[in-house]
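Undergrad: Below is the structure, and that's it, no one-letter string:
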């Protein structure tokens, strides 16, 4: 967020009056795509509330390993991986202390090959907004995002030469 905030403040100096330079939600460093920025404190407050109430629809594009089905839903609770403090994982059938509800709607846009491996171009719409949700859900169903250093590693051949994961924030409504 720091580099993005500096760029925003350069172009819009009035954002120094808004917390986090107006940035409404996170977009991890190794992702590309849209971010929502509020230019006033009142707009930021309203937009953050809408995100918390899940009235904002967010859709991401990803390139994933394997041949994904045309349309499906991953409805698997997500919680911290007990074996790694930086990772999360799916906990099917377990909601509560260990995991929180998480739901991702997935639509396969197309299929191809990368380094001789089948890959899918998928559009993922978040119904909830858990940390690493798309990455965890796609890994959980054996379709990890290509280039993902934390949840990928299904087959390193597809990741050769990549410097970031293939996950792009495509639409916010």
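TA: All right, it came through fine. Nothing here was measured: the structure is a model prediction, and the numbers come from that model.

Undergrad: Helix, strand, or coil at the residue nearest the centre of the chain?
TA: In the chain, the C-alpha nearest the mean C-alpha coordinate belongs to residue 134, at 5.0 Å (Cα atoms, centre = their mean). The local conformation at residue 134, judged by DSSP: H, G, I helix; E, B strand; the rest coil, is helix.

Undergrad: cool, and the one 4 residues further on?
TA: Reducing the assignment to helix, strand or coil with three-state DSSP, the entry for residue 138 is helix.

Undergrad: Show the low-confidence segments of this protein, by residue range.
TA: Across the chain, the ranges flagged by pLDDT under 70 are 1-4, 95-97, 153-161, 163.

Undergrad: residue boundaries of the helices in it?
TA: With DSSP state H as the criterion, the chain has helices at 2-11, 41-52, 133-140.

Undergrad: Can you tell me what sits against the first one?
TA: Spelled out, it's helix 2-11. 15, 16, 20, 21, 22, 23, 27, 35, 37 (Cβ atoms under 8 Å, 6 or more residues apart in numbering). Every residue, glycine included, has its C-beta placed from N, CA and C.

Undergrad: so of the helices of the chain, which one's packed in deepest?
TA: Mean neighbours per residue, mean count of other Cβ atoms under 10 Å, is largest over those for helix 133-140, with a mean of 24.

Undergrad: distance between that helix and the chain's centre?
TA: Using Cα atoms, centre = their mean, to the nearest Å, the distance from the centre of helix 133-140 to the centre of the chain it belongs to is 9 Å.

Undergrad: Equivalent analysis for stretch 63-79, please.
TA: 13 Å.

Undergrad: Determine how far the last residue of it lies from the first.
TA: In stretch 63-79, first residue to last residue: 24 Å (Cα to Cα, to the nearest Å).

Undergrad: and the longest strand for the chain?
TA: strand 103-114 (DSSP state E).

Undergrad: Give me the helices and strands touching that one, please.
TA: Packing contacts for strand 103-114, counted by 3 or more Cβ pairs under 8 Å, 6 or more residues apart in numbering; DSSP states H and E, involve strand 71-75, strand 117-126, helix 133-140.

Undergrad: of those, which approaches residue 55 most closely?
TA: Across those, residue 55 has its closest neighbour in strand 117-126 (12.3 Å, Cβ to Cβ).

Undergrad: now residue 7: how far from residue 100?
TA: Separation of residue 7 from residue 100 (Cβ to Cβ, to the nearest Å): 33 Å.

Undergrad: Turn the helices of the chain into CSV, columns for distance to residue 151.
TA: Converted to CSV, the helices of the chain look like this (distance: least, Cβ to Cβ, whole Å):
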stretch, distance to residue 151
helix 2-11, 23
helix 41-52, 23
helix 133-140, 4
